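>>> coordinates only, no sequence provided:
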């Protein structure tokens with residue numbers, strides 16, 4: 001397992017990643033705080049419900065004023081660009097608040113309340129300028145607390161239990177697609193304004209409930225870290241913080257001798273990009289190669305969604321025993337194997353099975369990617385900033401991955417899409433293998 005930082009004094013904040021390793025998971029008796037995980041998962045579920053509905057319905061809203069699909073795509077990518085700029089800064093600010101009595105909660109609660117307003121106003125926009133103002137305001141404010149909410153896991157869950165906690169969180173997040181679909185199905189055609197009001201109201205209520213149950217526990221969680229359950233470097237509260245800005249964090253990331261953190265960021269970029277590419281291009285693959293209708297081709301992803309939901313929690317428990325980096329490599333191998341199944345037999349049943357296998361492989365990464373990056377962070381005081389860096393890497397990959405795979409399709413044809421994706425997945429496997437070697441972690445199971 002990957003702990004939060006090296007078992008060295010805080011003076012070694014820039015120590016090689018190989019020093020991060022601690023005792024095997026099986027030797028650590030502390031149990032996961034399940035109630036804390038439940039409330040953190042509820043807060044993350046709340047914000048992801050809003051984002052899923054945003055992605056599903058805002059393009060249709062833009063169609064009233066913009067006819068170009070390219071322009072709509074660029075506008076929908078605006079939130080990704082804002083996240084790249086905003087999240088590392090707010091993550092670093094939240095790290096400074098993490099050891100206060102209120103913790104990161106002021107950013108989460110205030111951000112949810114403010115972001116709810118422009119989101120609810122989207123269907124009220126009577127022209128493109130007003131709609132763009134709502135979209136920009138929502139993207140800016142929602143990104144300001146998105147990564148901070150995800151970092152809450154590190155405040156209430158011990159380092160060796162964070163992989164398990166992420167499993168439950170990701171299972172909850174996968175349900176937001178269902179919630180968004182139900183709101184679209186049951187409410188949108190009857191009242192668009194009511195449909196856009198439901199997700200932000202749910203977000204504010206759920207975040208408020210999470211704060212009521214967890215905000216008061218933050219001093220207890222803080223004392224746990226200060227009394228040694230956390231990592232050694234954080235017990236020295238008098239040391240000056242060397243990470244006073246995102247630039248300092250980035251400088252440390254680049255200058256770290258083993259380059260393990262930088263390579264892990266590259267791996268996150270690659271895997272997130274391949275997953276986004278597979279999701280984006282499977283439907284046109286079904287129509288072009290399999291001769292399916294648009295609706296039937298869109299349903300190819302359903303077995304994968306079910307497989308992700310069923311497997312994500314067991315995979316988190318397995319990762320607890322085997323270690324994050326090892327499990328990520330297994331997940332990439334499974335992802336590539338699934339793609340090869342789809343390439344071997346271009347038939348709807350085989351393609352659906354291919355996507356399901358690949359989804360299980362992605363579930364492994366989804367559980368472990370952020371936890372692995374936390375484990376390589378120089379100390380506990382920059383976990384929020386590193387969550388922002390994770391988002392930057394994954395969002396950038398998701399933005400560029402479909403274009404990269406699409407370029408290979410233009411060169412080889414749709415029939416070879418799954419094979420092309422498998423080749424790119426093999427490159428990702430090589431990156432994570434190098435990460436494991438640079439980090440100095442044995443790939444054998446913890447015992």
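Happy to help now that I have it. The model shown is predicted, which means the values in this text are computed figures rather than measured ones. Numbering: from 1, shown residues only.
>>> okay, now residue 258: neighbour count?
Neighbour count of residue 258, defined by other C-beta atoms under 10 Å: 19. C-beta: built from backbone N, CA, C; applies to glycine.
>>> ugh, wrong one, residue 427
When counting by other C-beta under 10 Å, one arrives at 12 neighbours for residue 427.
>>> what sits up against stretch 204-211?
Outside stretch 204-211, the residues within contact range by C-beta atoms under 8 Å, 6 or more residues apart in numbering are 39-40, 42-43, 45-47, 105, 108-109, 112-113, 116, 149.
>>> an error on my part: the question was meant for stretch 396-405.
By C-beta under 8 Å, 6+ apart, the list of residues contacting stretch 396-405 from outside reads 77, 80, 84, 268-278, 280-281, 417, 420-421, 424.
>>> now swap in stretch 302-319 and tell me
Residues outside stretch 302-319 that contact it (C-beta under 8 Å, 6+ apart): 163-168, 170-171, 174-175, 177, 327, 331, 352-353, 355-360, 362-364, 366-368.
>>> which ones among those residues lie within helices?
In helices, defined here by DSSP state H, the members of the contacts of stretch 302-319 are 163-168, 170-171, 174, 177, 327, 331, 352-353, 355-360, 362-364, 366-368.
>>> what mean pLDDT would you report for stretch 402-417?
Regarding stretch 402-417, the rounded mean pLDDT is 85.
>>> buried residues, it. List them.
Of all the residues in stretch 402-417, those buried under the rule 16 or more other C-beta atoms under 10 Å are 402, 404, 405, 406, 408, 409, 414, 416, 417.
>>> ditto for stretch 352-362
Applying 16+ other C-beta under 10 Å to stretch 352-362 flags 352, 353, 354, 355, 356, 357, 358, 359, 360, 361, 362 as buried.
>>> isn't the first one right next to residue 292, touching?
By that I understand residue 352. No - at 10.7 Å, residue 352 does not count as touching residue 292 under the criterion of C-beta atoms under 8 Å.
>>> find residues that contact each of the two.
By the contact definition C-beta under 8 Å, 6+ apart, residue 352 and residue 292 are jointly contacted by residue 300.
>>> what residue ranges in the stretch 51-200 of the chain score low on pLDDT?
For the stretch 51-200 of the chain, residues meeting the criterion pLDDT under 70 lie at 56, 68-70, 73, 77, 159-160, 162-163, 174, 177-178, 181, 185.
>>> the closest residue to residue 104 other than its chain neighbours: how many residues sit nearby?
The shortest distance from residue 104 to any non-neighbouring residue, by C-beta to C-beta, 6 or more residues apart in numbering, is to residue 94 (4.2 Å). Residues within reach of residue 94, counting by other C-beta under 10 Å, total 28.
>>> within the helices and strands, which one has residue 94?
Residue 94 is part of helix 78-97, with elements assigned from DSSP states H and E.
>>> would you mark the buried spots in that helix?
Buried residues in helix 78-97, counted by 16+ other C-beta under 10 Å: 79-80, 82-84, 86-88, 90-95, 97.
>>> quick one: residue 135 and residue 122 touch, right?
Yes - shown here, residue 135 and residue 122 form a contact pair, counting by C-beta under 8 Å, at 7.2 Å.
>>> chain center to the strand or helix carrying residue 350: distance?
Secondary structure here is read from DSSP H and E; on that basis residue 350 sits in helix 348-376. In terms of C-alpha atoms, centre = their mean, to the nearest Å, the gap separating the centre of helix 348-376 from the centre of its chain is 12 Å.
>>> distance of residue 109 relative to residue 46?
Summarising the geometry, the distance separating residue 109 from residue 46, computed by C-beta to C-beta, to the nearest Å, is 11 Å.
>>> more neighbours: which of these two?
Neighbours per residue, other C-beta under 10 Å: of residue 109 and residue 46, the larger number sits with residue 46, 25 against 19.
>>> mind splitting this structure into its structural domains?
Per automatic domain parsing, the domain ranges recorded for the chain read 31-230, 252-439.
>>> just give the number of residues close to residue 186.
Per other C-beta under 10 Å, the neighbour tally for residue 186 reads 11.
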